[in-house]
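**Q** Whatever this is, show me its structure:
(6 chains)
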Number of protein chains: 6
Amino acid sequence: MTAELLRGHHGAHTHPGQPFYLPTGNEIEVFHAAARRGLPIMLKGPTGCGKTRLVEHMADRLGVPLYTVSCHEDMTAGDLLGRYVLTGGDTEWVDGPLTRAAREGGICYLDEVVEARQDATVAIHSLTDHRRQLSLERLGGQTIPAADGFTLVVSFNPGYQSVLKDLKMSTRQRMVAIELDYPPADLERAIVLREGGTEERLDDLLALAHALRRATDNGLAEVASTRTVVTASQLLAEGLPFDVAAHAAIALPLTDDPELARQLSTLIGSYS
Amino acid sequence: MTAELLRGHHGAHTHPGQPFYLPTGNEIEVFHAAARRGLPIMLKGPTGCGKTRLVEHMADRLGVPLYTVSCHEDMTAGDLLGRYVLTGGDTEWVDGPLTRAAREGGICYLDEVVEARQDATVAIHSLTDHRRQLSLERLGGQTIPAADGFTLVVSFNPGYQSVLKDLKMSTRQRMVAIELDYPPADLERAIVLREGGTEERLDDLLALAHALRRATDNGLAEVASTRTVVTASQLLAEGLPFDVAAHAAIALPLTDDPELARQLSTLIGSYS
Amino acid sequence: MTAELLRGHHGAHTHPGQPFYLPTGNEIEVFHAAARRGLPIMLKGPTGCGKTRLVEHMADRLGVPLYTVSCHEDMTAGDLLGRYVLTGGDTEWVDGPLTRAAREGGICYLDEVVEARQDATVAIHSLTDHRRQLSLERLGGQTIPAADGFTLVVSFNPGYQSVLKDLKMSTRQRMVAIELDYPPADLERAIVLREGGTEERLDDLLALAHALRRATDNGLAEVASTRTVVTASQLLAEGLPFDVAAHAAIALPLTDDPELARQLSTLIGSYS
Amino acid sequence: MTAELLRGHHGAHTHPGQPFYLPTGNEIEVFHAAARRGLPIMLKGPTGCGKTRLVEHMADRLGVPLYTVSCHEDMTAGDLLGRYVLTGGDTEWVDGPLTRAAREGGICYLDEVVEARQDATVAIHSLTDHRRQLSLERLGGQTIPAADGFTLVVSFNPGYQSVLKDLKMSTRQRMVAIELDYPPADLERAIVLREGGTEERLDDLLALAHALRRATDNGLAEVASTRTVVTASQLLAEGLPFDVAAHAAIALPLTDDPELARQLSTLIGSYS
Amino acid sequence: MTAELLRGHHGAHTHPGQPFYLPTGNEIEVFHAAARRGLPIMLKGPTGCGKTRLVEHMADRLGVPLYTVSCHEDMTAGDLLGRYVLTGGDTEWVDGPLTRAAREGGICYLDEVVEARQDATVAIHSLTDHRRQLSLERLGGQTIPAADGFTLVVSFNPGYQSVLKDLKMSTRQRMVAIELDYPPADLERAIVLREGGTEERLDDLLALAHALRRATDNGLAEVASTRTVVTASQLLAEGLPFDVAAHAAIALPLTDDPELARQLSTLIGSYS
Amino acid sequence: MTAELLRGHHGAHTHPGQPFYLPTGNEIEVFHAAARRGLPIMLKGPTGCGKTRLVEHMADRLGVPLYTVSCHEDMTAGDLLGRYVLTGGDTEWVDGPLTRAAREGGICYLDEVVEARQDATVAIHSLTDHRRQLSLERLGGQTIPAADGFTLVVSFNPGYQSVLKDLKMSTRQRMVAIELDYPPADLERAIVLREGGTEERLDDLLALAHALRRATDNGLAEVASTRTVVTASQLLAEGLPFDVAAHAAIALPLTDDPELARQLSTLIGSYS
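**A** Numbering: from 1, shown residues only, chains lettered A, B, ... in the order given. Presented below is the predicted three-dimensional model:
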């Protein structure tokens, strides 16, 4: 069944060379509809469930350049819009990734947008309503209309939200939201096989990940993502034993608590 | 009835090419009276109810340029007034949007003004009392009298106010206030039809929005704005099913809480 | 009686062209005495009671230039004293308003001084005791004696004071204090008539303002200032109905609370 | 008795042209002894009791230049030590007041030193122990030995101390401390007479000040300083009535509380 | 047995000139497997257990350059990525250690990564997933693919973690984790002998360290690391008595508490 | 006995011209041993007990240059390592004191190191383990090996430690620690006699200091240091009476509390 999955689920979205992405719902249709209308998109979902992959896949399908920005608490509007840079005694304006995407009709993807400072998130407002333009105050007030094809995508992990770190409602209500989660069992197997490159102990790894996700009251701050399962599989492919690979790629990244780590070891041992 | 509404409610304010705005009360008359006397205007109202639209409409009616500034917590007086910029080894003063509007007799619109830092809001004081002038300390103390037609407009969402983020009373009492809310049912239908471009499932969407607004104790931080209804209608026009469009444009932007999201899904389902 | 008031109350202080100010007590005499001795002056009083007007009036009477500074929490000593500015590849010192006033023997008026940062308020110390000089460290330690006629005036609203925002006792005890309040009824009528330019519904407006001021336990953070009454009168002069003008100029600026706003509407209605 | 006091108390310290200072204890002897040994001096005492006057007087007696710095929370080491300044395309080092005093053997007086940032107070350490030198890291690590006669003086008001704003013990134990207070009755009369220039109502003013100081549980944050009595006397000399002068110079600077202000008015009235 | 240990435990990993490291588990195998797959590595372990040594050893084995960065709370992305530096009137871009390692295929080792600011840790994201590239926004958006051999290694001490200072889950789940601890008795003896260079009182020192580690409820924030034992041995080699060396290298660094220090002295005395 | 003490205690460490230091334990031997092995040294001890003196003395004995840095909360890595300075239109790198000491094989002494910012203390890490090198990222990643003789010394006062201000364990465990305290009676007498220069009332001063140190529950934050006793003796040598000198040099620096000050006065009086 894996081959079939790889050839295309919900239609054939993957051609040779195209970034690999297996949809788990109607996310591709909603993304397409929003992009056609020039509406901004908000991706919600847990760590390592494939948000970045989806955006890469869509940029390729739509044939537009992709500008990815990992947001952080020291990021300012200048990091998105651009700034003057001193080069050889002269000053030169350098477009930021948001400005470049707006000019070229590309996708600007703000990963973990809630980490950014407010001036950075406010900078996107005029691009996300009927105006669809960018105003560069520092460039003499120049106004840049977004080119056709420009799409703004932001992502965040609802589990990380807090009163201090949240998108303002006036920002959220400008967006089309897509919710992602870890893929269902058959899809996840296909993904891990493709990325890890080995069937060795694959079903044991997946059973371990699913057991960890089922135990919601185990004291872990987060469950094992698809990404950690891929990593464990890669270590197996490098010849590490099952318990060493699962310990290094899944258990130790998930917790520093000695008692929890011991319970995870026992669980891993039961699959070894 | 929609056509009649589009042709003009409270008189014919919309001519071809003019930014579309349907008044819901006497906001246009009050705006006009304040602008004629050179009094600053404070717009109060919830997310996505049309504050920006009103200002764009009035700038067009009054035939003056509009400078819109999305305020944020890192915005300083220099962002409004102007600054020296290094270009080609030389320094040049570049007017900010407030200074440009004051010189040209335009409208300067400070969107979500309570987000701005205090030095930015204080910079407007001498423009908002009998002095009507701007003092540019950094430009050698030059004083700029506001040209005829200059009007300062600020907006904020009273639901976002807090002790930390509020306009000072001495700023508020300098202003003529206009309160806006979501438009009544017939007006909202006309707006969504015009913006969304399809009558498909339009009344179901509006009924859903009104149901959400009626349930004030549903745990949502905010109700569904007219803007979200327009977005849902646009997704319908792109061929998405009703429940997918309503989920992506209305439910998911409103909440990250799984339980609340499930209730919203049930509600959406009842209109599907 | 209004004409008589305008011609001069407590003596004829207003000649044609002079900024209009009607004294409500002995503030002009105390201001004069302090200015003659070179003592700094501290104006205390609520929002919109005429502090700025008094200073403008006195600058005109004394025949000295006036430098007004709206203080804010990002204001530094450099904003008052001056700074080096890069112009055309060269650096040039530009005096700040305090330095200019000290050199020319003018009035430097620091409006809402408690908002300023401490380095800004400390910068005035050597000007406010027997030394009467300014030391410009950044200008090579140059010392500037205050010219004859130099008077420092600061204002603040005691209702805004807090532990965090207060003048230090060592600053307060260097000053002659003047307390202002809203003018008595006959004076306020004369002021509003002159500024608003219409007698229409004038007494109703004033009765409304006085009713609002009497109700001290109405939940409002502040009472209606003379300034809001002037604004309402100006809107009336522009043809707005009484209730619309009073709502826009008095009720909506005073509160965002829906329940309080409704009570204010009822009160306004009783005068309509 | 006043004339005798002016001619010299504790010996004749005041000659024509010398800054006026009347000692209230052995402060001049201790200051002299510390200055002769090159020991730093810490002046403790309430607002307006004459700390600045004492330092000015001693600088004159010792025949050395005086550099006074009003400390504040934004003051950095660079403000004391010096910095590079861009002038005409070139950069030039400009000594700060501490460096100038160290080079010239003068007094550097840091007024309200606890307000300064820690890097500023730490900058004085090497000058205050057996090393008696200043290390200018930013000037290529240049070391400047303090010239003979250099004396560092700091002042603070113990009533303002808090956990956050205090001199570190390692700084305090490097210093010779002198405690000052308001002068006794006969000395204060001599001071006010000399500064105010009038005997009019002088004894009533002093009686009022003493009454205010006796009532230690009156709710006032601070008592009336000698400086406020001088100011009141100056207003009397300008022709203001007793109650107006005392209200403006003493009562209003001391409190913003309406109830306390009323009690002070009653007290003032009892001396009018 | 020491000689045998030095010649190689778990195989012969140490050749002449190679940085000395004695493995205590499968850390070298896991490190190798991760490095071959280009996966980032996270080292967890207490102070002074050999994390830095392991990385130096592996860089040598893999024959790649090593860039070590001690992280701290003022470190920004520019410290890792690079910045423009003004040299001789011209500006020149200087690669940071992360960029250098990515270009050259070396190891970039971020020691105590949880101390770094978020923008620094976020800067590594695109290097740690399938993209394996670095985007230098400040260098005109240039994208640098990581050369073969590039491996990112981060370390932290789980005992120092707190809510405020922790790696984000989305960062942790990108990594292969290796947990280190103090070496077992025979290995530690070999290490200390090699580093300290003397067998004198060596077993007493080790017995003392083990006694300290056993007493987990002794009030010490941390146990005696292998590093402190090496230091004590070095002081012994310099001729200091046992109790003086153990006090200076082990007891005094571990605590400032007088009571705890006395208990440690007694314990040290029992081995003297 | 004093002369003998001055000629050398624990051997003759003081030759003419050498900085005066009387050891109170084995601190000189431990310092020597650590310096010979290139190990960093941590001095712990109360205010004014002679930490700076010890370092000056050892630098002289070892014949190496000494760079002393008073640490403070605004100190950054650049203050220790060096920075680019603009001089005459050109930029020039200026080594900081740590870099200079590393290049020249001198002692770098960080006084009160816990006051420094973390990036400053982390900057020393690579100098304090087996690497013994300094990496100057801002100088193009240049690596500077520490010259022979380079010794890093840090000091702090354990009484000032707090959760916020403490050396990290990973820093502490890199160091050889030396604990200092006030010298025993005979040594302290010799020190004060040499520094103060007078035997007058010397034993009374010392008895007073010892009485203050014995009373550990007297409410004082700190006891009278040897430094304060020296200062009092210097004031006596200048002719001040015993109680005036002790009050100014010991009592007033120790407390601002009026009640405590009165108790200290009584105690001083009992020795007068």
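**Q** From here on, just use CA atoms for contacts and neighbour counts.
**A** OK.
**Q** Check the spacing between the residue lying closest to A:Asp256 once chain neighbours are set aside and chain F real quick.
**A** Distances taken as Cα to Cα, 6 or more residues apart in numbering or on different chains place E:Pro158 nearest to A:Asp256, at 6.1 Å, with adjacent residues excluded. E:Pro158 sits at a distance of 13 Å from chain F (criterion: Cα to the nearest Cα, to the nearest Å).
**Q** Now do the contacts for E:Pro158.
**A** E:Pro158 sits next to A:Asp256, E:Lys44, E:Gly45, E:Pro46 when contact means Cα atoms under 8 Å, 6 or more residues apart in numbering or on different chains.
**Q** Quick one: name the residues of the stretch 151-272 of chain A near chain C.
**A** Taking Cα under 8 Å from any Cα of the partner chain, no part of the stretch 151-272 of chain A reaches chain C.
**Q** any weak-confidence spans in the stretch 151-272 of chain A?
**A** Scanning the stretch 151-272 of chain A for pLDDT under 70 picks out A:159-166, A:216-219.
**Q** Which parts of it are helices?
**A** A:169-172, A:185-196, A:202-214, A:226-237, A:242-246, A:252-254, A:258-271 (DSSP state H, counting those that start in this stretch).
**Q** Which of the ones you listed sits closest to F:Gly82?
**A** Comparison of these against F:Gly82 by Cα to Cα identifies helix A:252-254 as nearest, at 38.2 Å.
**Q** and that closest one, what other elements does it pack with?
**A** helix E:169-172, strand E:176-179 (3 or more Cα pairs under 8 Å, 6 or more residues apart in numbering or on different chains; DSSP states H and E).
**Q** Chain B: which of the contacts of E:Pro158 is nearest?
**A** A:Asp256 (28.0 Å; Cα to the nearest Cα).
**Q** and that closest one, how many neighbours?
**A** 17 (other Cα atoms under 10 Å in any protein chain shown).
**Q** Now it, what are its backbone angles?
**A** According to degrees, to the nearest 10, the main-chain angles of A:Asp256 amount to phi -110, psi 0.
**Q** That one and E:Asn26, how far apart?
**A** A:Asp256 is 19 Å from E:Asn26, where distance means Cα to Cα, to the nearest Å.
**Q** Can you name the residues of chain A that neighbour chain E?
**A** Taking Cα under 8 Å from any Cα, the part of chain A that reaches chain E is made up of A:47-48, A:70-75, A:79, A:86-89, A:94-97, A:222, A:225, A:227-228, A:231, A:234-235, A:238-240, A:244, A:248-250, A:252-254, A:256.
**Q** Buried subset of the residues you listed, written for PyMOL?
**A** Applying 16 or more other Cα atoms under 10 Å in any protein chain shown to the residues of chain A next to chain E leaves a buried subset, and the PyMOL line that selects it is:
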select buried, chain A and resi 47+48+70+71+72+73+74+75+79+86+94+95+96+97+222+225+227+228+231+234+235+238+240+244+248+249+250+252+253+254+256
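**Q** which SS state does A:Ser135 fall under?
**A** Per DSSP: H, G, I helix; E, B strand; the rest coil, the secondary structure class of A:Ser135 is strand.
**Q** List the contacts of it.
**A** A:Ser126, A:Gly141, A:Gln142, A:Thr143, A:Ile144.
**Q** Work out for me the element the fourth one sits within.
**A** This points to A:Thr143. Assessed by DSSP states H and E, A:Thr143 sits inside strand A:142-145.
**Q** strand partners of that strand, parallel vs antiparallel please.
**A** Strand A:142-145 has its sheet partners listed here by DSSP bridges as strand A:133-136 (antiparallel).
**Q** Go ahead and produce PDB holding the CA coordinates of the partner strand.
**A** Output of strand A:133-136 as PDB, limited to C-alpha atoms (Å, rounded to 0.1, in the frame of the first residue of the first chain):
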ATOM      1  CA  GLN A 133       0.100  46.400  -0.200                       C
ATOM      2  CA  LEU A 134       3.200  47.000   1.800                       C
ATOM      3  CA  SER A 135       4.200  50.400   3.000                       C
ATOM      4  CA  LEU A 136       7.900  50.900   3.500                       C
END
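**Q** just to revisit the earlier point, now the contacts of E:Pro158: which count as buried?
**A** Neighbour-count burial (16+ other Cα under 10 Å) applied to the contacts of E:Pro158 gives A:Asp256, E:Lys44, E:Gly45, E:Pro46.
**Q** and the last one, helix, strand or coil?
**A** What it means is E:Pro46. Assignment for E:Pro46 (three-state DSSP): coil.
**Q** Could you verify my assumption that it touches E:Asp181?
**A** Yes - taking Cα atoms under 8 Å as the definition, E:Pro46 is a contact partner of E:Asp181 at 6.5 Å.
**Q** Out of the buried ones among the contacts of E:Pro158, the closest to chain C would be?
**A** A:Asp256 (41.6 Å).
**Q** Could you measure from the closest one over to E:Leu43?
**A** In terms of Cα to Cα, A:Asp256 sits 12 Å off from E:Leu43.
**Q** Burial check on A:Arg83, number of neighbours?
**A** Neighbours around A:Arg83, by other Cα under 10 Å: 19.
**Q** Now do the contacts for it.
**A** A:Trp93, A:Val94, A:Asp95, A:Gly96, A:Arg138.
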